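Structure, please.
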Amino acid sequence: MAKGMIRYWAAAKAAAGAAEEPYDAATLADALATAVAGRDDEFARVVSRSSFLVDGDPVGSRAHGDVRLPEGGVVEVLPPFAGG
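Okay, the predicted model is just below:
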């Protein structure tokens, strides 16, 4: 398990009710499952449509369970933005 920070942007920030929160997870899938647990369906919907960066590197189409999170890392949750 690694500890780091998840940062939410735009609609993800609004749905989360927070700009950031810590993670304690081995993979991106684990971190997202924990973040979604206990929140409403709107947050889960936004996360499911979002793109992710881990320490600035795009996750792209990789399976979230295959994306290992680093100790002290930063996960950026980027929902679809208007106009791009």
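
Now do the contacts for residue 39.
15-16 (Cβ atoms under 8 Å, 6 or more residues apart in numbering). In short, each C-beta sits where N, CA and C put it, glycine included.

Could I get the full set of strands for this protein?
Assigned strands in the chain, in chain order: 2-8, 20-25, 51-54, 57-58, 74-78 (criterion: DSSP state E).

I'd like to know which of those is closest to residue 67.
Of all those, strand 51-54 sits nearest to residue 67, with 6.2 Å by Cβ to Cβ.

Throw the strands of the chain into a markdown table and include mean neighbour count and distance to residue 66, thanks.
Putting these into a markdown table (neighbours: other Cβ atoms under 10 Å; distance: least, Cβ to Cβ, whole Å) gives the following:
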| stretch | mean neighbour count | distance to residue 66 |
| --- | --- | --- |
| strand 2-8 | 18 | 15 |
| strand 20-25 | 16 | 13 |
| strand 51-54 | 17 | 12 |
| strand 57-58 | 12 | 13 |
| strand 74-78 | 20 | 14 |
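
For residue 14, find the nearest of these.
Nearest of these to residue 14, taken as Cβ to Cβ: strand 2-8 at 8.3 Å.

quick revisit: with distance to residue 41 added, can I get the strands of the chain in a markdown table?
Shown next, in a markdown table, are those (distance: least, Cβ to Cβ, whole Å):
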| stretch | distance to residue 41 |
| --- | --- |
| strand 2-8 | 16 |
| strand 20-25 | 19 |
| strand 51-54 | 20 |
| strand 57-58 | 26 |
| strand 74-78 | 16 |
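
Could you save these as JSON lines and add columns showing distance to residue 36 and mean pLDDT?
Shown next, in JSON lines, are the strands of the chain (distance: least, Cβ to Cβ, whole Å; pLDDT from 0 to 100):
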{"stretch": "strand 2-8", "distance to residue 36": "11", "mean pLDDT": "98"}
{"stretch": "strand 20-25", "distance to residue 36": "12", "mean pLDDT": "98"}
{"stretch": "strand 51-54", "distance to residue 36": "13", "mean pLDDT": "98"}
{"stretch": "strand 57-58", "distance to residue 36": "21", "mean pLDDT": "98"}
{"stretch": "strand 74-78", "distance to residue 36": "11", "mean pLDDT": "98"}
